[in-house]
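Novice: Please work out how this folds:
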Amino acid sequence: MILAGIFFALMNVSVKYVPHIPAIEIILFRSLFSLIFSFLILKKQHVPVFGNNKKLLILRGVVGSIGLIAFFYTLQKIPLASAVTIQYLSPIFTTILGIFLVKERVKPIQFLWFGISFAGVFVLQGFDTRVNLLYGSIGVVSALFSGLAYNVIRKLKNTEHPLVIIFYFPLVTLPFAGLVSYFTWVQPEGWDWAILLWIGICTQAAQYFMTIAYQNANVAKVSSLSYLGILYALFFGFFLFGETFGLMSYVGMALVLAGILLNLKEK
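Specialist: Coordinates of the predicted model:
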């Protein structure tokens, strides 16, 4: 999960480097790369491409796509750390949904620790005046659907190869992204192509490590590790984009990390 977080952070940075290209178009290129790469690896390993539980695989693709589109949109519209912190509400949604979807047991005290992290996210976001209600709401939608996607991955634990789950993500996303991109197309130029390829590579690596983590460990535990992405976002946002935050934003970050550590201690 830590490796997944690093690759996701590199992907996030890359998305912000091409703000002139619509988010849906970036997702189109990303999906095309992931689809081809996953297909070739599955064929090489002689794994059935379309898996076993097709209904759940398609559902994972749909909810994952909605979460990704919403997240990429916020990445391009608001500061990196603000977008990431809002999206990282997903572990809270993951835990709550996990109680009902995968029948996972969560200690009552863990909700207090998640509450501390949740409060920290809102402190970070609340003191960032560059985030309006629309962008904040889209970010929450991204987090909600990400939490749902992670639980679907968990339900597919015993029936599907990790790359099959990854394969369905672009398989479902590609047709929709292609249709929308036809009407909003912006021609990539020069280094745009290299950045789009790098986004695909980072995403593929991140998806693979994340899928393995969710298939083989407690949902609440691995999802809370994703909060480390806030540190990556603050670091890259400052050094690459000159994004700065006030004292209260750092207080919020401390609350988030405190909630993570306390939650992991329960394990």
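Novice: Which residue ranges of the stretch 151-267 of the chain form strands?
Specialist: With DSSP state E, counting those that start in this stretch as the definition, the stretch 151-267 of the chain shows no strands.
Novice: where does it dip in pLDDT?
Specialist: 219-220, 223-224, 226, 264, 266-267 (pLDDT under 70).
Novice: Disregarding flanking residues, what is the spatial nearest neighbour of Val164?
Specialist: Spatial nearest neighbour of Val164, chain neighbours left out: Gly51 (4.2 Å); criterion: CB to CB, 6 or more residues apart in numbering. Glycine gets a C-beta too; all of them are placed from N, C-alpha and C.
Novice: Enumerate every residue touching that neighbour.
Specialist: Residues in contact with Gly51 (CB atoms under 8 Å, 6 or more residues apart in numbering) are 57, 159-161, 164-165, 167-168.
Novice: Mind giving me the PyMOL select for those, buried ones only?
Specialist: To isolate the buried ones among the contacts of Gly51 in PyMOL, judged by 16 or more other CB atoms under 10 Å, type:
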select buried, resi 57+160+161+164+165+167+168
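Novice: Return the backbone torsion pair for the residue nearest to Val164.
Specialist: Per-residue torsions, Gly51: phi 70, psi -160 (degrees, to the nearest 10).
Novice: and it, how far is that from Thr211?
Specialist: In this view, Gly51 and Thr211 are 13 Å apart by CB to CB, to the nearest Å.
Novice: same check, this time on Ile153
Specialist: 6 Å.
Novice: between the two, what contacts are shared?
Specialist: Ile165.
Novice: check contacts around Leu148.
Specialist: 63, 67, 93, 97.
Novice: re the thing from before, pull the most distant pair out of the contacts of Gly51.
Specialist: Thr159 and Phe167 (14.2 Å; CB to CB).
Novice: Check the contact between Tyr150 and Ile96; I expect there is one.
Specialist: No - contact criterion CB atoms under 8 Å: Tyr150 and Ile96 do not qualify, at 11.6 Å.
Novice: Neighbour count: those two, which is higher?
Specialist: Tyr150 (30 against 17; other CB atoms under 10 Å).
Novice: Please name the nearest non-neighbouring residue to that one.
Specialist: Using CB to CB, 6+ apart, the closest residue to Tyr150 is Thr94 (4.8 Å).
Novice: so what's that neighbour scoring on pLDDT?
Specialist: Thr94 carries a pLDDT value of 82.
Novice: how close does it sit to Leu156?
Specialist: From Thr94 to Leu156 the distance is 15 Å (CB to CB).
Novice: again, but for Tyr17
Specialist: In terms of CB to CB, Tyr17 sits 33 Å off from Leu156.
Novice: So the two - more neighbours on which side?
Specialist: Between Tyr17 and Leu156, Leu156 has the larger neighbour count (other CB under 10 Å), namely 24 against 15.
Novice: wait, that one sits on Leu59?
Specialist: No - shown here, Leu156 and Leu59 do not form a contact pair, counting by CB under 8 Å, at 9.7 Å.
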